[in-house]
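Q: Got a predicted model here, sequence first, then my questions.
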Amino acid sequence: MKVKMFRNAKGSENGITLKEFKAGEVYDIIPNLAEAFVVHMKVAEYYTEPIEIPEPMKFEIPEKSYKVITLKDKPRKWVGMEIRDKDSGTILTVKDVIRGGTVVMSDDRHLAYGTIRKQWEIV
């Protein structure tokens with residue numbers, strides 16, 4: 001058992017050899033002597049190793065290799081712009097902007113302005 005001494009004290013682990021235990025030191029001694037120092041003589045306390053708490057892991061987020069520009073401009077300026085679907089990654093070109101809230105894509109798909117603004121980004 002490990003004990004940390006408060007004061008100097010003499011004791012014997014084998015009953016024959018007397019040894020001096022110094023204050024402030026930590027000793028690994030037999031349980032009977034440890035009990036004598038801690039309980040009866042009150043010159044030491046039971047000692048446990050301090051627990052080392054590992055540092056939290058740090059994660060580095062790599063920077064994006066492309067610049068994301070949102071579609072905040074007026075829809076008329078979108079014509080000819082290449083945009084990418086955030087979910088599938090499909091890249092299309094805006095062919096035309098129709099009055100009433102519709103955008104015609106290069107694959108002849110018709111999408112609403114709101115859908116384009118939320119789900120697509122400029123390439």
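A: Received the coordinates, thanks.
Q: Which pLDDT value belongs to residue 63?
A: Residue 63 is assigned a predicted lDDT (pLDDT) of 68.
Q: residue contacts, residue 9?
A: Residues near residue 9 by CB atoms under 8 Å, 6 or more residues apart in numbering: 20-21, 37, 41, 43-44. (Each C-beta comes from the backbone N, C-alpha and C, glycine too.)
Q: try 7 Å this time
A: 21, 37, 41, 43 (CB atoms under 7 Å, 6 or more residues apart in numbering).
Q: Who wins on neighbours among those residues?
A: residue 37 (25 neighbours; other CB atoms under 10 Å).
Q: Now for the closest residue to that residue other than its chain neighbours, how many residues are close by?
A: Nearest in space to residue 37, with sequence neighbours left out and distances taken as CB to CB, 6 or more residues apart in numbering, is residue 44 at 4.0 Å. Other residues near residue 44 come to 26 when the count uses other CB under 10 Å.
Q: How much space separates residue 44 from residue 78?
A: Separation of residue 44 from residue 78 (CB to CB, to the nearest Å): 80 Å.
Q: same question, residue 50
A: On the measure of CB to CB, residue 50 and residue 78 end up 63 Å apart.
Q: repeat for residue 30
A: When residue 30 is compared with residue 78 (using CB to CB), they lie 84 Å apart.
Q: what's the domain layout of this protein?
A: Split into domains by automatic domain parsing, the chain comes to 2-46, 75-122.
Q: for those domains, which one sits closest to residue 57?
A: Among the domains of the chain, the nearest to residue 57 by CB to CB is domain 75-122 (28.7 Å).
Q: I'm done for today, thanks for sticking with me.
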